[in-house]
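1. compute the structure for the input listed below.
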Amino acid sequence: MKRFILAAVSLLLGISAHAAIYNILDYGAVADGRQLATRAIQSAIDACGTAGGGVVYVPAGDYLVGTINLRSNVEFRFETGARLIATTDLTQYTRHSKELDGVFYTEDCHNVSITGNGTIFGQGMEFMEADHPKRILGDVLNYIRQGADFRKLDGGVGDGPLNPKDRFHQMIVFSNCTDVRLSDFTCIDAPYWTFVIVHCDRVKVHALTIDNNLLIPNSDGLDIISSSNVDVSDCHFSCGDDAIVLAGYAEHFGDPGFRGIRRPSQNINVSNCILRSRSSAIRIGGWDQNPMSNYNFSNIVIYDSNCGINMTVRDSGGLDNVCFSNIRIETRLHSGDWWGNGEPIKISAMRGVPDNPVGMIRNIHFTNVTASAENSMVIYSSDESAIENLTFTNFEFRMRTGAWEERAGGNFDLRPNIVQGKELFESEIPAIYIEHARNVYFNQGVISWDRSCTFRPYHTHAIEAVRVDNLHISDTKAESSPSNPRLPLLKTRECTHVDAEFDR
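-> Model (predicted):
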């Protein structure tokens, strides 16, 4: 009879009848959400791994957990209605570095997965000071149009972010693993990064949902660090920080215990995803020493975000060969100390560390991209680097204003960097701003301003270009800001080889 029941469960789960199934209830887990189930779940995983692999089965119910370690050839499979609840007792989390691990920490494993229509609940708001939003302070305020009134609230917490208390860090970690599969489950309210995939090869992420409280700082969705051959598809991420991050960090602030490892970040595809972020919906790069290359993004919707697509180089690692196609972007200005200021697309290469040179950004291509935004598209490189070979084909950029224009508008946000006066700073706001780039092409596009909005004197040209070599604009309909209708469509300074043809 027991064999018949196992076979029936196997068929229900879509698992081969030959796969061994390890039900966590058989190892003492209690589905009441009050008693710690960590030890029982770990016992089921260890038994499965020791036997050569199989399915660790999580029936419907609530299970209170600290840190769990998966093993090779183990599929951790949720039944519909199963939920892991992260305990607020921080002593129940392990530590691989100076910071606490989260709910899953999996290292040096092969053929490992988390699947099924369950939920991981991080209880992130329990680790926050619910009435205390973070504010922007310090010398940076000296360079902002509004000064100390920048993003000032009259009351409440606005868009956050809240100040965190002690918390565990990355909720789900896969480090130095191969053949990782994550599918179909939901993560809610991570108190820090939800996922980090670091130094992994051959990863498939499909049909995940991340629904973090938008007030929680650092609550990234999916961070893929120095990993290769990754496919992300059909996901919906709503996060209080970056929704998807692709980066080539060799080390990152002690989390999750990796340092000085040289592995490229390459061959990554992201498709059919819906993203919302209080920072950047898609962020590529940062403090990278490992090279980044061969990324493809297609069929992406970005909505209600602070910044849409953000590509940054701040260290010696460069970024090469990135393609975006069929992208829809909607960004707006926000309150609070979030990085970004309403830019639909931001590409920048500048110094972020004192000792290493700055890598290059090159061969970036956008096709069939539409954006509605409350700030410029910004392309910026310092003198010690360059952005080159950048194309936009079949594009539409529409400028508008919103509720935070008075207290946040008229500024660029290029954080993080260590260049004084170039973090958050006052600027005129054209629809597109480019500084220090080579081989920039705009073809078959529309640049417009929403006539139902009120624009300020600092809203200016369709395009402003500074120190750009080889700028080509063709088959593009454009207009200057309604607040400055007599300004030329294109303003150039110290540019060479400019060929611009606009259709008014």
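2. outline the domain layout of the chain.
-> 58-274, 279-504 (automatic domain parsing).
3. in a markdown table: those, plus mean pLDDT, mean neighbour count and distance to Leu36.
-> In short, each C-beta sits where N, CA and C put it, glycine included. Converted to a markdown table, those look like this (pLDDT from 0 to 100; neighbours: other C-beta atoms under 10 Å; distance: least, C-beta to C-beta, whole Å):
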| stretch | mean pLDDT | mean neighbour count | distance to Leu36 |
| --- | --- | --- | --- |
| domain 58-274 | 95 | 20 | 5 |
| domain 279-504 | 97 | 20 | 34 |
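4. these into TSV, with extra columns for distance to Gln42?
-> TSV is the format used below for the domains of the chain (distance: least, C-beta to C-beta, whole Å):
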stretch	distance to Gln42
domain 58-274	6
domain 279-504	32
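5. nearest to Ile45, out of those domains?
-> domain 58-274 (5.8 Å; C-beta to C-beta).
6. hang on, the earlier thing: tell me which of the domains of the chain sits nearest to Ser43.
-> domain 58-274 (10.7 Å).
7. now do the end-to-end distance for the closest one.
-> One end of domain 58-274 sits 28 Å from the other (C-alpha to C-alpha, to the nearest Å).
8. surely Val419 touches Tyr380?
-> No. Using C-beta atoms under 8 Å, Val419 makes no contact with Tyr380, being 10.5 Å away.
9. what do these two both touch?
-> Met350 (C-beta atoms under 8 Å, 6 or more residues apart in numbering).
10. phi, psi for Phe442 please.
-> The phi/psi pair for Phe442 (degrees, to the nearest 10) reads phi -120, psi 120.
11. please list all residues in contact with the residue nearest to Val30 when sequence neighbours are not counted.
-> In space, and not counting its chain neighbours, Val30 is closest to Ala37: 6.4 Å by C-beta to C-beta, 6 or more residues apart in numbering. Residues near Ala37 by C-beta under 8 Å, 6+ apart: 24, 29-31, 63-65.
12. with His497 instead?
-> 469-471.
13. one more: Ala500?
-> Neighbouring residues of Ala500 by C-beta under 8 Å, 6+ apart: 471-473, 489-490.
14. filter the residues you listed down to the ones in helices?
-> Assigned to helices by DSSP state H, none of the contacts of Ala500 qualify.
15. find the pair from those residues with maximum spatial separation.
-> Across the contacts of Ala500, the longest distance by C-beta to C-beta is 14.5 Å; it joins His472 and Leu489.
16. from Ser265, how far off is Pro59?
-> 38 Å (C-beta to C-beta, to the nearest Å).
17. looks to me like Ile364 is in a strand.
-> Yes. Secondary structure of Ile364 (DSSP: H, G, I helix; E, B strand; the rest coil): part of a strand.
18. residues in contact with it?
-> 311, 319, 322, 347, 387, 389-391.
19. now do the end-to-end distance for stretch 43-56.
-> In stretch 43-56, first residue to last residue: 10 Å (C-alpha to C-alpha).
20. what's it in contact with?
-> Outside stretch 43-56, the residues touching it (C-beta under 8 Å, 6+ apart) are 13, 15, 19-24, 26-29, 41, 68-77, 111.
21. can you list the buried residues in that stretch?
-> 43-49, 53-56 (16 or more other C-beta atoms under 10 Å).
22. Leu70 contacts Asp108, correct?
-> No. Leu70 is not in contact with Asp108 according to C-beta under 8 Å; the separation is 10.8 Å.
23. hang on, Ser293 packs against Gly285?
-> No. Between Ser293 and Gly285 there is no contact under C-beta under 8 Å: 11.3 Å.
24. tell me, what's touching these two both at once?
-> Leu319.
25. could I get the full set of helices for the protein?
-> 2-13, 38-50, 405-408.
26. output the last one as CSV, nothing but the C-alphas.
-> Coordinates of each C-alpha in helix 405-408 appear next as CSV, following Å, rounded to 0.1, in the frame of the first residue of the first chain:
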residue,chain,number,x,y,z
GLU,A,405,9.4,66.8,-10.0
GLU,A,406,9.7,69.8,-7.7
ARG,A,407,11.6,67.9,-5.0
ALA,A,408,13.7,65.6,-7.2
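27. which residues touch Ser348?
-> For Ser348, the contacting residues are 311-313, 378-381, 414, 417, by C-beta under 8 Å, 6+ apart.
28. what's the separation between Arg263 and Leu390?
-> Per C-beta to C-beta, Arg263 is found 27 Å from Leu390.
29. with Ala247 instead?
-> According to C-beta to C-beta, Ala247 and Leu390 sit 20 Å apart.
30. cool, and Glu107?
-> Distance of Glu107 to Leu390, computed by C-beta to C-beta: 38 Å.
31. and for Gly352?
-> Using C-beta to C-beta, we find Gly352 at a distance of 21 Å from Leu390.
32. what of Asp149?
-> The gap separating Asp149 from Leu390 is 35 Å, by C-beta to C-beta.
33. which non-adjacent residue is nearest Asp475?
-> Nearest residue to Asp475, sequence neighbours excluded (C-beta to C-beta, 6+ apart): Gln444, at 4.7 Å.
34. dump the residue contacts of the one you found.
-> By C-beta under 8 Å, 6+ apart, the residues touching Gln444 are 393-395, 474-476.
35. hang on, Asp469 packs against Glu435?
-> No. Using C-beta under 8 Å as the test, Asp469 is too far from Glu435 to be in contact (11.9 Å).
36. which residues touch stretch 449-456?
-> Against stretch 449-456 from outside (C-beta under 8 Å, 6+ apart): 372, 398-402, 405, 409-410, 429, 431, 459, 479, 481-483.
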